[in-house]
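Trainee: coords please:
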Amino acid sequence: MVTDILTVMGLDDAIDAARRRAEFMDIQQRQEADRQDRERKEAAELLAEAVRRLAPYGSGTYARMRRSAFGRYRGPGGHRYTEAQRQRCWLLVSRESTHPQTGQWYDSPILLLENATAVQVWLDFQSTEPDQYISSLEPMAVGRDGAFLTLGETNGKGWVDELKDRLARAVVRYERGQ
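Mentor: Numbers count the residues shown, from 1 in each chain. Here you go, the predicted model:
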């Protein structure tokens, strides 16, 4: 009987410990979800403010193309394309990288679009005009889960701080007409 009581007490202690661990994990998950929500909101505010500040200055054009049997543009592989979307944009980061689906290397700048989103695009169309970005490939939203602005320069900053820094640099560059 004494052994049964010790076994039950041992199990009760283990159950209590498991409950505490589960509660700790729940709290951690809620805190992480709250942090990510705050980051998304702060990033959205930064992007909207940057569009407002950049609107008076020169901008480029981002054109998203889609395949169409009767499209008037010829693109990769000789396929026909039509314009699906066009927006003003401002260059945040000029870079090259591989597309996550095709694995091919393209110029892949990170752009701030007039709808207050930042995206990484893969330029599979050749543009004849400066500051024109044309792609048939799906852009990747900038953020924690998408295109990441970090180019090894963050010095421990989070992605929102890196975004803020990139937006500030872009505002100054466009103010100076560079």
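Trainee: just after the longest strand seen in the chain, pick out the following helix or strand.
Mentor: When the chain is parsed with DSSP state E, its longest strand is strand 80-93. Note on strand 80-93: by DSSP states H and E, the next helix or strand toward the C-terminus is strand 96-98.
Trainee: packing partners of that following strand?
Mentor: Other elements packing on strand 96-98 under the criterion 3 or more CB pairs under 8 Å, 6 or more residues apart in numbering; DSSP states H and E are strand 105-107. Just so you know, the C-beta spots here come from the backbone N, C-alpha and C atoms, and that holds for glycine as well.
Trainee: low-confidence bits of this protein, can you list those?
Mentor: For the chain, residues meeting the criterion pLDDT under 70 lie at 1-9, 145-156.
Trainee: and the closest residue to residue 115 other than its chain neighbours, how far is that from residue 20?
Mentor: Nearest residue to residue 115, sequence neighbours excluded (CB to CB, 6 or more residues apart in numbering): residue 87, at 6.3 Å. Noted for residue 87: a distance of 51 Å to residue 20, by CB to CB, to the nearest Å.
Trainee: quick one: which of those two has more around it?
Mentor: residue 87 (18 against 10; other CB atoms under 10 Å).
Trainee: what sits against the more buried one?
Mentor: 61-62, 113-115 (CB atoms under 8 Å, 6 or more residues apart in numbering).
Trainee: so how do I select the buried members of the residues you listed in PyMOL?
Mentor: Here is the PyMOL command that selects only those of those that count as buried (16 or more other CB atoms under 10 Å):
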select buried, resi 62+113+114
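Trainee: so which bits of the longest strand of the chain are buried?
Mentor: Applying a neighbour-count criterion of 16+ other CB under 10 Å, one finds 81, 87-93 buried in strand 80-93.
Trainee: from residue 118, how far off is the residue nearest to residue 115?
Mentor: For residue 87, the distance to residue 118 - CB to CB - is 12 Å.
Trainee: same question, residue 54
Mentor: Using CB to CB, we find residue 54 at a distance of 12 Å from residue 118.
Trainee: between those two, who's got more neighbours?
Mentor: residue 118 (29 against 21).
Trainee: dihedrals phi and psi, the residue nearest to the more buried one when sequence neighbours are not counted?
Mentor: Computed as CB to CB, 6+ apart, the closest residue to residue 118 that is not its neighbour in sequence is residue 142, at 3.8 Å. Per-residue torsions, residue 142: phi -80, psi 140 (degrees, to the nearest 10).
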